[in-house]
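Participant: Build the 3D model from these lines:
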Amino acid sequence: MRRKVRRQKKAEAQVIAFGVAAVAALTLFVAVVNWIRDHPWTLLAVIVVGAAVLGGWHYQRQQRAQWEQVRARGLRYAISQLDSLHHREFEYAIRDLMKRDGCTDAAQVGGAGDNGADVKATDPFGRRWVIQAKHRRKGLTGSPVGTPDLHVLNGTARQLHGADIVVLVTNGRFTSGCLPLAKSQRLYLVDRRLLGEWAASGQPLWDLLRAVPPPGRRSVTLR
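Facilitator: Residues are numbered from 1 along each chain as shown. All right, here's what the predicted structure looks like:
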């Protein structure tokens, strides 16, 4: 019985508080409307200031976007810079290189549950790229990338990620079995030499790879 009474009192208090708040809000609204009616120039001033603030924000956003485009077009990496990166930073560097090449939607997606994809991008010709990045802190003297990594990438890139072009890139080297497997499965390998050329030259990756499928066609067998 006491609990019921307390609940009723609590409900009544909440209704009263809501009513008081509503009356206060209505009173404030009426006061503001009356003040604006008596001082119409203030509304115009608010509109002008608001438009100026919105215009300034939009201008700054455009400037930042233009600067990012300029920065991306001039992006270059020395291979030693790539060696010094953390493996996650290496993925972001690959993403930025794809953006530099014109893939405006390039995104770093590597992490837990990435299903073999570290970077995804669509090039200016509409081809979907799925890239796995294997960073070796010791570069060429580090452990080579082997065929198991290619098998994982080959099993997910097209089926799960819808890739037209599948790439495995490393700042190190590949084992001898990787090239025959890549050719047979229409995969593309970017080793330390090719990565260095791509990162430093400013040329898009598709100009450096051999037998990249033309726009509108799926991957073809490597020559």
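Participant: pLDDT below threshold where in this structure?
Facilitator: 1-7, 43, 46, 55-73, 113, 216-223 (pLDDT under 70).
Participant: where exactly do the strands run in it?
Facilitator: 107-108, 119-122, 128-134, 165-170, 188-190 (DSSP state E).
Participant: Now the ones you listed in CSV, please, with extra columns for distance to residue 201 and mean neighbour count.
Facilitator: C-beta coordinates here come from the backbone N, C-alpha and C atoms, glycine included. Below are the strands of the chain laid out as CSV (distance: least, C-beta to C-beta, whole Å; neighbours: other C-beta atoms under 10 Å):
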stretch, distance to residue 201, mean neighbour count
strand 107-108, 22, 19
strand 119-122, 18, 23
strand 128-134, 18, 24
strand 165-170, 15, 25
strand 188-190, 13, 22
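Participant: Dump those strands to JSON lines, plus distance to residue 151.
Facilitator: Listed next are these as JSON lines, based on distance: least, C-beta to C-beta, whole Å:
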{"stretch": "strand 107-108", "distance to residue 151": "23"}
{"stretch": "strand 119-122", "distance to residue 151": "19"}
{"stretch": "strand 128-134", "distance to residue 151": "11"}
{"stretch": "strand 165-170", "distance to residue 151": "11"}
{"stretch": "strand 188-190", "distance to residue 151": "14"}
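Participant: so which of those gets nearest residue 212?
Facilitator: Of all the strands of the chain, strand 165-170 sits nearest to residue 212, with 6.2 Å by C-beta to C-beta.
Participant: From the chain's centroid, how far away is that closest one?
Facilitator: Strand 165-170 has its C-alpha centroid displaced from the chain centroid by 18 Å (C-alpha atoms, centre = their mean, to the nearest Å).
Participant: Any idea how far the top helix by length along the chain is from the middle of the chain?
Facilitator: Longest helix in the chain, counting residues (DSSP state H): helix 2-38. Relative to its chain's centre, helix 2-38 lies at 47 Å (C-alpha atoms, centre = their mean).
Participant: Where do the helices of the chain begin and end?
Facilitator: Here the chain has its helices, by DSSP H, at 2-38, 40-73, 79-83, 87-100, 147-156, 178-184, 192-201, 205-208.
Participant: Tell me how many other residues crowd residue 25.
Facilitator: 10 (other C-beta atoms under 10 Å).
Participant: okay, now the domains of the chain?
Facilitator: 2-72, 79-208 (automatic domain parsing).
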